[in-house]
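Asks: Return atomic coordinates for the entry below.
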Amino acid sequence: MKEAKVNTAEEVNRKYKSWTYTIRRSNRAKRLRLNITVKDGLVVVLPRGFNEKEIPAILDSQANWITAGLAKVKITKALFRPTSINLPAIEETWNVTYFSTPSKQLTVHEDDYFSLVVSGESEDPYNISEALNSWMRQKAQEVFIPWVSRISREHSLPFNKVTIRRQKTRWGSCSSQKSLNLNQNLLFLPAPLAGYVMTHELAHTKHHNHSPAFWKYLNTLLPDSKRLQKETVGSYSQVPHWAWQR
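Replies: Residues are numbered from 1 along each chain as shown. Got it, this is the predicted structure:
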């Protein structure tokens, strides 16, 4: 349901027991509504003329729902607002700090000593996720394109182009036109596994399938390819939650 537009000047912050909540009065609201969001926390939407003295009793009646919802918000904020980003593929760890400004557009700036500064309205962890993932895509492009090019030259496996994307179900792919797609989240894997995915996809320029001939050929490129394949398939848990969020 589309949220009723209200005058933000009419928003009032209140505290009841251990809960802090915001009151919003709405011309369109027919009855009191309780909303919990990551950005705003607990919000009590009131119709015009509603007596605020009735709010505590309503909050008490929804205590379990409120407690569970606020706990989920707390967890989400912790998961989606990282204070550090570890990238094993390139052996880098970046510290992340947040600088709140009136700008609605979040920016990510690389400072000295592997430090990232996120500037803007940085209270919404989902917006933070999008900003950090944009930075991740740029970092992956800087690293993966020359990396896969070196492997290509080493094994004489030419390709057409490389595209960096964020995917939930694939680490990489190779089209029939020899265009490679690499998942930016490979940065969260150890270097041998990230390199394996690149070699795997380049091998598809010779065998565009997963036939026995493909696996035999891949094993000539990487003698321990079976072990690397198994470890790569089981490594999705190494990617933090915020990096999967779309």
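Asks: who's in contact with Thr107?
Replies: By Cβ atoms under 8 Å, 6 or more residues apart in numbering, the contact list for Thr107 reads Val118, Ser119, Gly120, Ala131. Yep, even glycine has a C-beta here, placed from its N, CA and C like the rest.
Asks: Next, work out how far apart it and Val239 are.
Replies: Distance of Thr107 to Val239, computed by Cβ to Cβ, to the nearest Å: 23 Å.
Asks: what's the answer for Ile151, then?
Replies: 22 Å.
Asks: Any buried residues in stretch 157-167, and which?
Replies: Leu157, Phe159, Val162, Ile164, Arg166 (16 or more other Cβ atoms under 10 Å).
Asks: and Tyr113, that one's in a strand?
Replies: No: using DSSP: H, G, I helix; E, B strand; the rest coil, the assignment for Tyr113 is coil, not a strand.
Asks: Next, give phi and psi for it.
Replies: Main-chain torsions, Tyr113, degrees, to the nearest 10: phi 60, psi 40.
Asks: Buried residues, the helix or strand that contains Ile128. List them.
Replies: Assessed by DSSP states H and E, Ile128 sits inside helix 125-155. Neighbour counts over helix 125-155 (16+ other Cβ under 10 Å) mark 125, 127-129, 131-133, 135-136, 139-140, 143-144, 147-148, 151-152, 155 as buried.
Asks: can you check stretch 231-246 too?
Replies: Going by 16+ other Cβ under 10 Å, stretch 231-246 has these buried residues: Thr232, Ser235, Val239, Pro240, Trp242, Ala243, Gln245.
Asks: Give the rounded mean pLDDT of that stretch.
Replies: Taken as a whole, stretch 231-246 has an average pLDDT of 87.
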